[in-house]
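Student: Predicted model and sequence below, questions to follow.
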Amino acid sequence: VLNNEFEDTSFCPSGLDQLNAATGWRSYAGTADYFHTCSFSMFSRVPSNFFGYQQPSSGKAYASFYAYYTGGNPNYREFVGSLLAAPLVSGTKYFISFKVALANAHDYSRSCNNLCIKFTNWDYWYSWPAPVNNWAHVYSPLVVSDTLNWTRISGSFTADSNYTRVMVGNFFDDASTTSVGDPTQYGAYFYLDDICVSTDSAFCANYMGVPEMEASFDVSVFPNPFSTQTLFTSTA
């Protein structure tokens, strides 16, 4: 995954809706955001910003997205997307991990499940968003509610296409998503960092970023969500 820790910048973000400031990344749906220590804006700086307070899992930056929204637009989602460094090889097994942390500003800290990673060959963007179609390659069936620590979500799948792009978000609709919290909150807003895609199971398993910011628990999803059997583990 190119710029998988969101460290490389095309410019320092000066507000919200500037994911394209992270080199190689952009919104594949909605208006995903970007936060970096180089920013002087109260909206997009690190660690304190518009949506709360969070140190990066590693480095100086992270992206973010709405995984669930209660502001009057049913099934509104924000997807973070990028071109891969090289296409996946069809028939090859890949190991995946990424980290999320729930925002802690009150209006945005409604928790939810279905935090997903998905691969595609389509070049989506704001005006032509990726679909919410209740399917992803790896996802967490558990509700993620930790606003202090980073939660690592991991899994594996066998590529059924030579996918060229990766997306992170919640690709399940409201009816298929479990959300917990104050109904007056706008929704579940998550910070995102440290995306790993590898054919080496040990590489992503050991890719933990800064040791003191390790995830509070790990979710492993096997096999693909379209299977009739989904297994997961949660460890302290």
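Tutor: Yep, that arrived. As the structure is a prediction and not an experimental result, all values here were calculated from the model.

Student: which residue packs closest to T9, ignoring adjacent ones?
Tutor: A21 (5.5 Å; Cβ to Cβ, 6 or more residues apart in numbering). Heads up, the C-betas are built off the backbone N, CA and C, glycines and all.

Student: so what's the backbone phi/psi at that neighbour?
Tutor: Geometry field for A21 lists phi and psi as phi -70, psi -20, criterion degrees, to the nearest 10.

Student: check contacts around it.
Tutor: Applying Cβ atoms under 8 Å, 6 or more residues apart in numbering to A21 gives the contacts T9, S10, F11, C12, P13, Y34, H36.

Student: One more: N3?
Tutor: A22, T23, G24, W25, S82.

Student: And those residues, which of them are buried?
Tutor: Buried residues within the contacts of N3, counting neighbours by 16 or more other Cβ atoms under 10 Å: A22, G24, W25, S82.

Student: Quick check: phi and psi on the first one?
Tutor: Main-chain torsions, A22, degrees, to the nearest 10: phi -80, psi 120.

Student: May I ask you to confirm that D160 is in contact with T92?
Tutor: No: at 10.3 Å, D160 does not count as touching T92 under the criterion of Cβ atoms under 8 Å.

Student: Quick check: the residue nearest to T9 vs A63, distance?
Tutor: For A21, the distance to A63 equals 10 Å [Cβ to Cβ, to the nearest Å].

Student: list residues touching both of the two?
Tutor: Y34.

Student: Bridged to the residue most central in space within the chain, which residues?
Tutor: Of all residues in the chain, the one closest to the mean position by Cα atoms, centre = their mean is V168, 4.3 Å from it. Beta-bridge pairing for V168 (DSSP bridges): V80, I117.

Student: nearest spatial neighbour of S111, skipping sequence neighbours?
Tutor: What sits nearest to S111 in space, not counting adjacent residues and going by Cβ to Cβ, 6+ apart, is S145, at 3.6 Å.

Student: Low-confidence ranges, the chain, go.
Tutor: Counting by pLDDT under 70, the chain has low-confidence residues at 207-236.

Student: need the contact list for the nearest residue to T178 once chain neighbours are set aside.
Tutor: Leaving aside its sequence neighbours, T178 sits nearest to N113 (Cβ to Cβ, 6+ apart; 4.9 Å). With contact taken as Cβ under 8 Å, 6+ apart, N113 is in contact with Y139, S140, P141, L142, V143, V144, T177, T178.

Student: same thing but 10 Å
Tutor: Taking Cβ atoms under 10 Å, 6 or more residues apart in numbering, we find N113 in contact with 67-68, 139-145, 170, 172, 176-180, 188, 219.
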